[in-house]
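# Coordinates for the following, if possible.
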Amino acid sequence: MMDCEGTSGAAAEPAAEFPRWKKTWSGGALSSDHLLVGDVSDTVIQSFAGAEEVTEDQLSQLAFLHGHTTLLSALDLVDRRAVTVYTSPSAPPVYTVLGSQSKEYLCLPSTNFCDCEAYRYKVLKADQLMCKHVLAVRIAVAANMVTATQVDDSSVPELVCGSLASVT
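Next up is the predicted model:
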């Protein structure tokens, strides 16, 4: 596996087996409960597509799944049009979210990855399904509230890894 500097990263440890429903992955626990919640969340979010407005029932379901604070924070990001997707001719889309502290976070919603602290300290430890940034990306995509920017293929590594020139 190659990291952002182009060197080979350490191989991941094999997953340890836990009773019935739990397996570890990269230090966090991924349970069948989390997978089910993720599926339900995706179903609710996809129901936003093409709808003129979001219903109170849909918001209640998302608040139950993600918590009121995470949902309200994500909706605020969507309302502020803080979600940007960078597309290129041959690379997969890259999403960024301009956070409330004017910091830009990299999000890969298909994997629930975000480079924020909540991802590292809550999502990886299986305390929550996704951070507010990833939830905002998923909602913004379904609601067609994403700012799209076209970039060339050579710009994608810099978007994902950051500019190595700024490292001193």
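# A51 and D42, how far apart?
15 Å (CB to CB, to the nearest Å). For the C-beta atoms, the positions are set from N, CA and C on the backbone; glycine is no exception.
# Check the residue positioned nearest the centre of the chain and give its pLDDT.
With distances taken as CA atoms, centre = their mean, the residue of the chain nearest its centroid is V134 (2.9 Å). Note on V134: pLDDT of 94.
# where's it relative to V94, distance?
V134 is 13 Å from V94, where distance means CB to CB.
# quick one: contacts for the residue nearest to the centre of the chain?
Counting by CB atoms under 8 Å, 6 or more residues apart in numbering, V134 makes contact with 107, 109, 112-114, 119.
# Can you give me the neighbour number for T55?
Residues near T55, counting by other CB atoms under 10 Å, number 12.
# Y95: helix or strand, and which one exactly?
Using DSSP states H and E, Y95 falls within strand 94-98.
# Quick one: name whatever helix or strand follows that strand.
strand 104-108.
# In the chain, what residue spans correspond to helices?
Counting by DSSP state H, one finds helices in the chain at the ranges 32-46, 56-66, 68-79, 117-118, 132-142, 156-161.
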